[in-house]
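Engineer: what's the 3D shape of this:
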Amino acid sequence: MAATEGADEPAATAAGDPRHVRNTCILAHVDHGKTTLADHLVASCGGGLLHPKLAGRIRFMDYLDEEQRRAITMKSAAVALRSRAGHRVSLIDSPGHIDFCSEVSSAARLSDSALILVDAVEGVHVQTHAALRQAFIERLRPCLVLNKIDRLITELSLTPADAYVRLHRIISDVNSIYSALRSHSYFSLLSALEDSPSTISSSSAEDLPEDFEDDDDNEDAFQPLKGNVVFACALDGWGFRPQQFGNLYARKIRVNPSAFLKGLWGPRYFDKKTGKVVGKKAIKSADPQPMFVEFVLSALWKMYELVLKDGGESQAVKKLIENFDLKIPELELNRDTKAVLQSVMSRWLPLADAVMDMVVECTPDPVAAQEVRVARLMPKREVTPEDAAGCSEVVEEAERVRRCVEACDVSADAPVVVYVSKMFAVPSKMLPLKGVDGELLNHHSSSESEECFMAFARVFSGVLHAGQKVFVLSPLYDPVKGDTVQKHVQEVELQYLYEMLGQGLKPVASVAAGNVVAIQGLGQHILKSATLSSTKNCWPFSSMMFQASPILKVAIEPSNPADLGALVKGLRLLNRADPFVEYTVSQRGEHVLAAAGEIHLERCIKDLEERFSKVKLVVSDPLVSFKETIEGEGASLVESLKNPQEFVERTTPNGRCTVRVQVLRLPNALTKVLEESEQLLGQIIDGKTAKRDGVLDPRLSQEDGDSAATLRQRMIDAIDSELDTISKQVDKEKLDRYRKTWLGHLDRIWSLSPWQVGPNVLLLPDSKLSGGTMTVQDGRQGFQIATNAGPLCDEPMWGLAFIVEPYIFADGSDAANHSDQYNVFSGQVITAVKEACRAAVLQNKPRLVEAMYFCELTTPTEQLGATYAVLGKRRARVLKEEMQEGTSLFTVHAYLPVTESIGFSNQLRSLTAGAVSALLVLSHWEAIPEDPFFVPKTQDELEEFGDGSSIGPNLAKKLMNSVRRRKGLHVEEKVVEHGTKQRTLAKKV
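Structural biologist: Residues are numbered from 1 along each chain as shown. Model prediction:
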């Protein structure tokens, strides 16, 4: 596995100049050609890692067996390349499937730019949105590659003019998405478009950089004339930027190259009489064609037409080859037309040259990039005067470290700062045997003999050396707190450093700031990600943002109980090797594995059985998460003001405290804001912004981005947007009263749940009505316990507001001097609050809430019926269908319950003969309208359902009972005790 690159090739050492380094990653929708593009870049610039004839077919970066079998990328992999100008380029190929979005986040964190690939036929898809947003959040410089241009010619048979219209529309679509991100209106844009629902759920608007502005903020981000757009066909190995054709034609027709180039995109035309570039009004031709069509696309179409029609031996093709001064061996021109076409196009317009030139020109070097990205990577921390007074030297050194990261300092005295974005496992037998100077490497110190864990990292400051001692800082580490956070820091001696070459590893002695590196020796010290520093006085890097969250859970056990130890050991290794998987042990002792989706789960199980545990496993049915709420949304919430919910009372056993609880349903828009603002809420709750006696006070703290006031304004805007949607159904007077009521509730927020930052709120009681006081801790604990496990099936509550009114009786009786075991500020109050909250939910028409996937399907016309049949069986709700222009393919958007997604892809493939592909992205939570405890009560219900025996299957009750049964809770169901055949007294004659 040792690298094949020459040893004399300079590596990333202390002598390296970061200004000659470029770090980029490839982001795109699934099957848009990322790995094929990487193949050509490796073949051309990898120093012999891949033969050019194998590029586009071997999928060099997909070296896992499962990746080759499924033909999709499942992990991020890096490779070191060398451009024609001598720049060192670290290229990271990333997956396009939503199940592996954590790998995309890992790749983006270590890069300075992103190559966004878009299929010229399929256009912008759901993961294109995600790729652009990931690049924007991490402050990467985006570049665009329009791939599969050849399909416009061979499959769609478009004319050059029609192809230009399609390409122009795709670039406009991508620019509009990125412009919305820059204007912070991305989420409102997605929410407003019913036909293009929001596909990003796990992170929120506050994740977007507030102070990030491009130099040309009002201009389009992607402009072909600026050189950040490449038109390509990765499979055939050709691609170009307009500059190449501009220089070519400028020499032939003898015009000013810069003036001619300005006309090679947009409504610009070439006047052959005057030799000038003019607008449409100035051109006198009857049917003028834009210069991009006339000089670029027409030449491509002509080349394809001649080669595919006549082959390589025709005189017309040979004449074209001579005109473009191409040197193609005669033997290659005698092959089949497809091979001839690849030979001609790849020599005429080499893909690697166009993309690498764009990367070198448009990607900022680490010095310039880290100056912009440091606010995102290592945001400034607000230190209180009290803390700063006691540790001024620590704060001063931490700020010095931050300045070194901002400047990408490579000096000898600069502190070393490294960020590890993920850990990945490498079979020990694949590790290099010899070091930089030919010495034998000792890999036996690793506790895991068969798997060695490497850190996928980048040096942001200083020079990292093999064998150096560094401090491993977790995201929770705070240098100001000193000894109180010692568990979040540990000192480690590194073993070896490697330059990553796809699957290969090349040992290096040291790595300078700005370079990507693999580090051996951290397997026992880092679980997922961490910050490495040569000093303890360093702020850890901010956490990465993921597009989705692991929602698909299964319980795992070994077929042979004796293999339980091997399973637990393998689960721990998998938890370290996969940045997105979650491993927990349930209260019942089950080993629960959480994955992002079905494909991700299948890969995890396969890795457990074949690599980490090597035992046969028994996997349960998926354990899908639910949430609990009460009935009411939209106009019904406003109408509920007429009939307020009744209070539920609970009294402590000693009779000294009575708790009255009322539950309200939050508006859906407000619930969404609370779900999306977890990071902002965490800052507020942690005390970095305003707090007053446990109550969030938006009037305080104008520092730290004014987080509390920002959150309050978002909540007010959410209430207003909810009222706007129902304004036509409800009187204005009722709307005003409803708005006033909820604005008053916002001032009384006491706590949030679950886990302090969830979509449930605890409201302070009205002091005029409450008969006593209660400690902050007791009230919060009871509220947190109740909302973490609802009354239906012990699932978390969702979108609820609780008003708790305590009444404390201290009348001078003996109870006032009772022993501590009956102290009112004890577990009795917590239990009373918990039981009252759960009872209040049960009393107010509880509802089960299920997670929903946004489903995007691409299907041929003849399979549209079968696709709708599968969607119908799975309780999917179709949003829209539209035909892709110029093709016989339909794009269908739908919402699909997560509970129905198990086996969805397999059923879809089997019933459509593999012609339909689907992509599932976690979208939102949606309440099931059915009442799980429905029993006919009213006259109308009794007339329709009778005594209830004729009621059809209750979906909510079925799902509730399945969860209760799995958790070992009591399930009310009829059980046949004596199933013997009924006997009669009559005898048959």
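
Engineer: tell me the contacts of residue 665?
Structural biologist: 629-633, 637, 640, 799-801 (Cβ atoms under 8 Å, 6 or more residues apart in numbering). Every residue, glycine included, has its C-beta placed from N, CA and C.

Engineer: give me the lowest-pLDDT entry from those.
Structural biologist: Lowest in pLDDT among the contacts of residue 665 is residue 640, which has 61.

Engineer: quick revisit: out of the contacts of residue 665, which comes closest to residue 554?
Structural biologist: residue 629 (25.8 Å; Cβ to Cβ).

Engineer: need the strands for the stretch 251-400 of the chain, in chain order.
Structural biologist: 269-271, 276-278 (DSSP state E, counting those that start in this stretch).

Engineer: including mean pLDDT, distance to residue 468 and mean neighbour count, could the ones you listed go into CSV?
Structural biologist: Below are these laid out as CSV (pLDDT from 0 to 100; distance: least, Cβ to Cβ, whole Å; neighbours: other Cβ atoms under 10 Å):
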stretch, mean pLDDT, distance to residue 468, mean neighbour count
strand 269-271, 81, 60, 20
strand 276-278, 81, 58, 16
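
Engineer: adding distance to residue 897, write the ones you listed out as CSV.
Structural biologist: Formatted as CSV, the strands of the stretch 251-400 of the chain follow (distance: least, Cβ to Cβ, whole Å):
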stretch, distance to residue 897
strand 269-271, 54
strand 276-278, 56
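
Engineer: next, the contact list for residue 525, please.
Structural biologist: 472, 490, 492.

Engineer: inside helices: which ones of the residues you listed?
Structural biologist: Using DSSP state H, no member of the contacts of residue 525 falls in helices.

Engineer: take the residues you listed and keep only those in strands.
Structural biologist: 472, 490, 492 (DSSP state E).

Engineer: sorry, back to before: now the contacts of residue 665 in a markdown table, with distance to residue 559?
Structural biologist: Shown next, in a markdown table, are these (distance: Cβ to Cβ, whole Å):
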| residue | distance to residue 559 |
| --- | --- |
| 629 | 40 |
| 630 | 43 |
| 631 | 45 |
| 632 | 48 |
| 633 | 46 |
| 637 | 51 |
| 640 | 53 |
| 799 | 42 |
| 800 | 43 |
| 801 | 48 |
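
Engineer: and the contacts of the one helix or strand residue 834 maps to?
Structural biologist: Using DSSP states H and E, the element containing residue 834 is helix 827-843. For helix 827-843, the surrounding residues in contact (Cβ under 8 Å, 6+ apart) are 628, 630, 645-654, 657-663, 774-775, 778-779, 781-783, 785-787, 790-791, 797, 800, 802, 804, 806, 822.

Engineer: mind redoing it with 6 Å?
Structural biologist: Residues from elsewhere that reach helix 827-843, judged by Cβ atoms under 6 Å, 6 or more residues apart in numbering: 630, 648, 650, 652-653, 657, 659, 661, 663, 778, 781-782, 785-786, 791, 802.

Engineer: stretch 83-93 now?
Structural biologist: By Cβ under 6 Å, 6+ apart, stretch 83-93 touches 20-23, 25-26, 34-35, 38, 61, 76-81, 107, 356, 360, 516.

Engineer: what about 7 Å?
Structural biologist: With Cβ atoms under 7 Å, 6 or more residues apart in numbering as the test, stretch 83-93 has contacts from 12, 20-26, 34-35, 38, 41, 45, 61, 73, 76-82, 107, 110-111, 356, 359-360, 515-516.

Engineer: which of those fall in helices?
Structural biologist: Among the contacts of stretch 83-93, DSSP H puts 34-35, 38, 41, 45, 107, 356, 359-360 in helices.

Engineer: and the residues you listed, which two are the farthest apart?
Structural biologist: 35 and 360 (21.5 Å).

Engineer: quick one, which of the two is more surrounded?
Structural biologist: residue 35 (25 against 18; other Cβ atoms under 10 Å).

Engineer: now do the contacts for the more buried one.
Structural biologist: Counted by Cβ under 7 Å, 6+ apart, residue 35 has contacts 59, 61-62, 73, 93.

Engineer: save those as a markdown table, and put in neighbour count, distance to residue 538 and pLDDT too.
Structural biologist: Shown next, in a markdown table, are the contacts of residue 35 (neighbours: other Cβ atoms under 10 Å; distance: Cβ to Cβ, whole Å; pLDDT from 0 to 100):
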| residue | neighbour count | distance to residue 538 | pLDDT |
| --- | --- | --- | --- |
| 59 | 19 | 39 | 86 |
| 61 | 28 | 33 | 88 |
| 62 | 26 | 36 | 87 |
| 73 | 25 | 34 | 87 |
| 93 | 28 | 31 | 92 |
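
Engineer: dump those into CSV; add distance to residue 181 as well.
Structural biologist: Formatted as CSV, the contacts of residue 35 follow (distance: Cβ to Cβ, whole Å):
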residue, distance to residue 181
59, 31
61, 28
62, 30
73, 25
93, 24
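
Engineer: which of the residues you listed lies closest to residue 464?
Structural biologist: Nearest member of the contacts of residue 35 to residue 464, counting by Cβ to Cβ, is residue 93, at 23.6 Å.

Engineer: next one: that closest one from residue 222, what distance?
Structural biologist: 21 Å (Cβ to Cβ, to the nearest Å).

Engineer: ok, back up a step: quick check: mean pLDDT of the helix holding residue 834?
Structural biologist: Here the average pLDDT along helix 827-843 is 84.
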